[in-house]
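Chemist: Dropping the sequence and predicted coords here.
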Amino acid sequence: MLKDVFEYLNQSAPVLFLTIDEDGRILTMNQYAADTFGQVAEDAAFNDLVNDFQSTFDLNTLVKSPEKKHLLNVNTADHGVQSFMFTFKHVSPRILIFGHLDTISIELMQSQMISLNQDLGNLNRELQKKNAELKSALDHVKTLQGIIPICMHCHKIRNDQQIWDRLEAYLSEHTNAQLSHGICPECMKKYYSDLDDNAP
């Protein structure tokens, strides 16, 4: 039974399990630890894996501390940093180290991911709304492009069916412009000089 537990701990358990000597040198590590830390040098010390407080890392203090668990950030094989809750047990001449992922950090990351997904969903809906508004605006825009054949005398415009349309009809068909009629001062003088108050 004990052999099965030990085999599970070494091969399959989703917890870090390391043995180190009293100087802090790593003697063994289970598969989960090997996957987490990657290739570790033969003479590596446990505190080499710890990301924070390396200069003040004191293994004896951790082992003798009345606190059962210690939160430490460790460097991972993918050059990242993960938080683990560690327990240290001195079984002379070795020190057993157990570590599991910090559930508070995991919950915080999950909460942040949910919030980010909600923000992304809101941005996506806003983008779809703006795209729909833009498409609607583009559908309503009519523009005149290219060369437009126009009569130099009467100013009629030749349409695609080779029919000469009045300028007003052509503009109404090809744009959203609404035309109103008036008389410019030159035409007023030329055609309605008897109505022009300013005429001599």
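Modeler: It's in.

Chemist: From Ala169, how far out is Ala44?
Modeler: 88 Å (Cβ to Cβ, to the nearest Å). For the C-beta atoms, the positions are set from N, CA and C on the backbone; glycine is no exception.

Chemist: For this protein, which helix extends over the most residues?
Modeler: Ordering each helix of the chain by length in residues (DSSP state H) puts helix 103-140 first.

Chemist: Quick one: mean pLDDT for it?
Modeler: When pLDDT is averaged over helix 103-140, the result is 81.

Chemist: Looking at Pro200 now. What's its pLDDT?
Modeler: As predicted, Pro200 sits at a pLDDT of 49.

Chemist: Below-threshold pLDDT in the chain: ranges please.
Modeler: By pLDDT under 70, the low-scoring segments of the chain are 52-57, 67, 104-110, 140-144, 196-200.

Chemist: So which residue is smack in the middle of it?
Modeler: Nearest to the geometric centre of the chain sits Leu120, at 7.6 Å (Cα atoms, centre = their mean).

Chemist: What separation do you get for that one and Asp160?
Modeler: The span separating Leu120 from Asp160 equals 47 Å under the rule Cβ to Cβ.

Chemist: related to what we said a few turns ago, show me how far the longest helix of the chain is from its chain's centre.
Modeler: 10 Å (Cα atoms, centre = their mean, to the nearest Å).

Chemist: Can you name the element that comes right after it?
Modeler: Going down the chain from helix 103-140, the next helix or strand is strand 157-158, by DSSP states H and E.

Chemist: Check which helices and strands that next one sits against.
Modeler: For strand 157-158, the contact count by 3 or more Cβ pairs under 8 Å, 6 or more residues apart in numbering; DSSP states H and E identifies strand 164-165 as packing neighbours.

Chemist: how close does the residue nearest to Asp102 when sequence neighbours are not counted sit to His153?
Modeler: Closest residue to Asp102 apart from its sequence neighbours, by Cβ to Cβ, 6 or more residues apart in numbering: Ser83 at 3.9 Å. Using Cβ to Cβ, one obtains 86 Å as the distance from Ser83 to His153.

Chemist: cool, and Met85?
Modeler: Look at Met85 and His153: by Cβ to Cβ, they are 93 Å apart.

Chemist: Neighbour count: those two, which is higher?
Modeler: Neighbours per residue, other Cβ atoms under 10 Å: of Met85 and His153, the larger number sits with Met85, 19 against 6.

Chemist: Pull out the buried positions in the biggest strand by length in the chain.
Modeler: Counting residues, the longest strand in the chain under DSSP state E turns out to be strand 81-91. Using 16 or more other Cβ atoms under 10 Å as the test for burial, strand 81-91 gives 82-86, 88.

Chemist: cool, and stretch 34-50?
Modeler: Judged by neighbour count (16+ other Cβ under 10 Å), stretch 34-50 contains these buried residues: 34, 36-37, 40, 44-50.

Chemist: Now the two most distant members of those.
Modeler: For these, with distances taken as Cβ to Cβ, the pair at the greatest spread is Ala34 and Asn47 (18.1 Å).

Chemist: Secondary structure class of Tyr170, three-state.
Modeler: For Tyr170, the secondary structure call by DSSP: H, G, I helix; E, B strand; the rest coil comes out as helix.
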